[in-house]
Every structure is written in structure tokens, then in C-alpha cells.
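Asker: Have a look; sequence and predicted model below, questions after that.
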Amino acid sequence: MPASEDIRSSTSAASAAAPATGARRRRSWNGTDLALIAVFAALTAASVAVPPIPAGNVLGVPITLQTMIVALAGLVLGGARALAAVGLYVLLGLVGLPIFAGFQGGLGVLAAGSAGYLLSFPFTAGLIGVLAGLVLRRSAKVGTLTTVWLFLAATAGTLLTHALGVAGMMLNGQLALPAALVADLPFIPGDLVKNAVAAAVALSLHKAFPDLLRRRRR
């Protein structure tokens, strides 16, 4: 092969490899991503300082602020980072830090009636984050209508929390499905309100920092 053709071939190969390398770098987390994950994990833990409200169900599972922070994490961070942030929070609580509702911690919470709700949090945050990413990447302009879509994304994630919460009450509380559904009902109105607040806060953050999720499309 002539030397000139060899040089052109090498240049073409390097050019083809460069976008792939850049794409890998863009997909990796940087210091800002890790900081956001840590901040939302801490924010979720701090939310337990707000006293839980008794929901009046047979298993004593209370209404807490945690579900709003979980929704906010998904709406702000996107799927992977939200799952990591809330997953870190749950992991730290399971190893013993008193950062669950009522300042509880440790593996003993897995036997409580609220175990299903708690274990759903990382997956709920991840699902909300994926849906929020789709909304924001398809929105030419972040406006009032975006708030509605973000609320619907948060509500879709809430369905997962309630499904796993009901399953947890059936397993740990020995409740039949109808009884578990009745025990879950008091959480629904509050979660809808919290989702609306989370969507409004997330919209403000995305207006102020449009690269939070949109930069992922570049």
C-alpha cells in the first residue's frame, strides 16, 4: 500500500474513533453529577426531620415528605443519577444510619409494613427521571405545559411506589389485597399534591439550569 493511502487510512480510523470516545466521555459522570447525587441523597435523608403524619392505616405506615424528594430527584436528575442518589440514601439507611421515617435505620425496617414503599424509592426515582428526560428533550421550550408533563411523569412513578407498597403490606402485614389497597388509599391525595409541588420546583430549576438534563442530548 502506498504511504499516502496508509496515512489517509490511519486518519480516517482516528476520526471514526474520536466520536465514539467523546460519546463515552459524555456518558460518564463528572464531578457535578457526583455532587448532585450526594446532594439529593442528603436531601432525602434530611426530609425525615419533618415529622411524619399518621395515615390511620392498620400497619401504622405514616405519610412522609420523602416521596416528594424522591419525585424531585427524578424530575431534576434524570433516570440514572436519581436512581443512584435515592439508592445511596436507602443503602445508608439499611446499614444503620437513622435516616428513615421516625429516625429509624437498619435491616429491621425490611420487616415493617412500609418496607415496600421504602424499597421502591430508587426505582421510582429512576422511572420518573427517565420520563422527565423524555419530556425535557422533546420540549422546544420549558414552560407551563412542561409542568403538567413533569407532574404526570412523577405520578407515573408514584404508581410504582404504591404498587410495591401494597405488596409490602400484603407480605409483611399479612393483609389481603383489598385490605392493603384500603390501607394505601390515604397516601394518594398527599402524593398528588407533593408531585405538583415537585413538578413546579423542578420546572424552576430547569429554567435556571437548562443543562441539568438537556445537556445529555449533545
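Answerer: It's in.

Asker: now the helix or strand hosting Leu131: mean pLDDT?
Answerer: Here Leu131 sits within helix 115-138, counting by DSSP states H and E. The average pLDDT for helix 115-138 rounds to 94.

Asker: The closest residue to Val58 other than its chain neighbours and Gly133: what is the separation?
Answerer: Leaving aside its sequence neighbours, Val58 sits nearest to Ala183 (CB to CB, 6 or more residues apart in numbering; 5.9 Å). All C-beta spots, glycine's among them, are computed from the backbone N, C-alpha and C. Separation of Ala183 from Gly133 (CB to CB, to the nearest Å): 33 Å.

Asker: doesn't Leu59 make contact with the residue nearest to Val58?
Answerer: Yes - in this structure Ala183 lies within contact range of Leu59 using CB atoms under 8 Å: 6.2 Å.

Asker: Counting neighbours around each, name which of these two comes out higher.
Answerer: Ala183 (23 against 17; other CB atoms under 10 Å).

Asker: picking up where we left off before, quick one: classify the residue nearest to Val58 as helix, strand or coil.
Answerer: Secondary structure state of Ala183, per DSSP: H, G, I helix; E, B strand; the rest coil, is helix.

Asker: mind checking pLDDT for it?
Answerer: 92.

Asker: for it, what are its contacts?
Answerer: Applying CB atoms under 8 Å, 6 or more residues apart in numbering to Ala183 gives the contacts Ala55, Asn57, Val58, Leu59, Val61, Gly113, Val166, Met169, Gly173, Leu175.

Asker: where does the first one land in three-state SS?
Answerer: When you say that, I think you mean Ala55. Assignment for Ala55 (three-state DSSP): coil.
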